[in-house]
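>>> let me see the structure of the following:
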Amino acid sequence: MSDFYLPGDYNYTQQILLDGYHRGMRFAHVPVAFRKRRTGRSFISFKYPLKVLPQIVRVIVGIKPLHVFGPIGLTFLLTGTVVFLVDLAAWMRGINAKPVLHVNAVLGLSLFGLQTLFFGLLADLIVKRSLPR
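Numbers count the residues shown, from 1 in each chain. Coordinates of the predicted model:
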């Protein structure tokens, strides 16, 4: 199990399945026989997703960071570009007094998008060099 990326201390099954899937491993279904529980209670409750989801996100970010940060960065970059183009079109029609009315929004969205995109690229390079494959 030391070959798998397990950042959390909870839900090992999901972490191993996600890690294996993203590494291109093959899976086989194995039937398991079990008896109905007679004592105790299940650990799965309404709080279970709150415990599991952060660790699943950590596994995905730790294995394929560009798949997480790429779309986020591109979304902010695209939003900044759209705001810029709308402002520019409004200026060309004589609606706005300046070519870019929302300068702070355009710069903020664009810079945050670029920063997030480059962070994803850097994290992806680090992961590819450090994870055992």
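
>>> report how many residues lie close to Leu88.
With neighbours defined by other C-beta atoms under 10 Å, the count for Leu88 comes to 16. Any C-beta I mention is one placed from the backbone N, CA and C, and that applies to glycine too.

>>> so the closest residue to it other than its chain neighbours, which of the three states?
Spatial nearest neighbour of Leu88, excluding adjacent residues (C-beta to C-beta, 6 or more residues apart in numbering): Pro99 at 5.8 Å. What DSSP: H, G, I helix; E, B strand; the rest coil gives for Pro99 is coil.

>>> contact partners for Pro99?
87-88, 91 (C-beta atoms under 8 Å, 6 or more residues apart in numbering).

>>> and Trp91, by the same measure?
Trp91 makes contacts with 97-101, as judged by C-beta under 8 Å, 6+ apart.

>>> among these, which two are most distant?
Pairwise distances across those peak at 10.9 Å for Ala97 and Val100 (criterion: C-beta to C-beta).

>>> lovely, talk soon.
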